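Asker: Okay, sequence plus prediction incoming.
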Amino acid sequence: MKKTNSGILIIGLAALTALHGVDCAAAVSWAGTAAELRVAPGQEKAVAEFAFRNLGQQPLRFTSLRPSCDCLTAAASKEVFAPGERGTVRVEFTVAGRSGRQEKYVMVTTDDPAEKPVSLLVVIEISEPVAMQPRQLLWEKGAAAAEQTVAIRLADPGKAARVEAQCADERFTVAVESATGAGAYRLRARPVTTAELAQATVRITVWIDGHPQVSVLGLGVR
C-alpha cells in the first residue's frame with residue numbers, strides 16, 4: 001500500500017489479496033476491496049483508488065457505482081476496459097463536518113451477467129480539530145449552580161484563526177477563553193438555575209483557513 005504526492009491511496013495487489021481474496025474466475029480481478037484513509041484537521045477531501053484488471057474475454061463496463069452515502073463519489077478511470085486491461089475506481093470522500101471513524105462503501109456492478117456486485121469498503125479516520133475533556137458537564141437538580149470548565153486543545157493551533165462557543169439554550173451561560181500553552185483554551189459554563197431538569201448543546205467552532213470546524217459539548221441538569 002502506498003501514497004502518492006497528491007494524497008491518493010493506491011491499494012497494492014500483494015498487500016490486500018491475502019486479506020480479501022481475489023477470484024481469478026471472475027471477469028474483474030480486484031487488487032483489493034478495502035482502503036483506510038486518515039484525514040487531518042482542516043482537510044476537506046480524501047481519495048482512494050481501487051485497482052483492478054479485466055480477466056474476461058469481452059470488453060467490460062461498469063453499469064453502476066453506487067455509494068452508501070452522499071459524502072462519497074465514485075468513478076472508473078475510463079468507460080470500457082478491453083480483455084486483460086487494467087484500470088481503477090476512484091472514490092472521493094468529502095469530510096463536510098464529519099469526525100471520528102467513518103465506514104462507507106461503494107457497490108460496484110458490471111455489464112457481465114456472471115459477475116456478482118462487489119462492495120468497495122472505505123474506512124476513514126478523521127482527526128477532530130478540537131480535543132475536549134470532559135465531553136459533557138452535568139449538575140444535580142437542586143444543587144448549587146457552580147461554574148464548571150472544559151479543557152480544550154486544538155490539533156493544529158497554527159492554522160486556527162479563532163475559537164467560538166455558542167449555546168442557544170438561555171438556561172445555560174458559556175464562555176471560552178485562552179489558557180496556558182499553544183492551542184489551549186478553557187470553556188466555562190454554568191446553569192442559570194438547577195431547579196429544573198435541563199439539557200443543552202454547546203457548539204465549539206474553530207475557524208481553520210477560513211472554514212468552520214465544529215465540535216459539540218453536552219450540558220445538563222439531572
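Answerer: Ah, there it is.
Asker: The helix or strand of the chain with the lowest mean pLDDT: what's the following helix or strand?
Answerer: Every helix and strand in the chain was compared by mean pLDDT, DSSP states H and E; the lowest is helix 13-20, with a mean of 37. The C-terminal neighbour of helix 13-20 among helices and strands, as given by DSSP states H and E, is strand 28-30.
Asker: what residues does that next one touch?
Answerer: Outside strand 28-30, the residues within contact range by CB atoms under 8 Å, 6 or more residues apart in numbering are 20, 22-23, 50-56, 60, 110, 112, 115, 118. From N, CA and C alone the C-beta is placed, and that goes for glycine too.
Asker: In the beta-sheet assignment, what are the partners of Gln136?
Answerer: Gly218 (DSSP bridges).
Asker: Give the closest residue to the residue in the chain sticking out farthest from the centre in space, chain neighbours not counted.
Answerer: Ranked by distance from the centre of the chain (CA atoms, centre = their mean), the top residue is Gly142, with 40.2 Å. Excluding its sequence neighbours, the residue lying closest to Gly142 (CB to CB, 6 or more residues apart in numbering) is Thr194, at 5.9 Å.
Asker: phi, psi of the one you found?
Answerer: Dihedral pair for Thr194: phi -110, psi 20, per degrees, to the nearest 10.
Asker: likewise Val122?
Answerer: phi -120, psi 120.
Asker: Which segments of the protein make up each domain?
Answerer: The chain breaks down into these domains under automatic domain parsing: 2-126, 130-221.
Asker: first vs last residue of the shortest one, how far apart are they?
Answerer: The straight-line separation of the ends of domain 130-221 (CA to CA, to the nearest Å) is 24 Å.
Asker: Can you tell me which of the domains of the chain has the worst average pLDDT?
Answerer: Here the domains of the chain differ in mean pLDDT, and the lowest is domain 2-126 at a mean of 83.
Asker: so how far is that domain from its chain's centroid?
Answerer: Centroid separation for domain 2-126 versus its chain: 17 Å, with CA atoms, centre = their mean, to the nearest Å.
Asker: returning to that earlier point: pretty sure the residue nearest to Gly142 contacts Glu140?
Answerer: Yes - taking contacts as CB atoms under 8 Å, Thr194 lies within contact range of Glu140: 6.9 Å.
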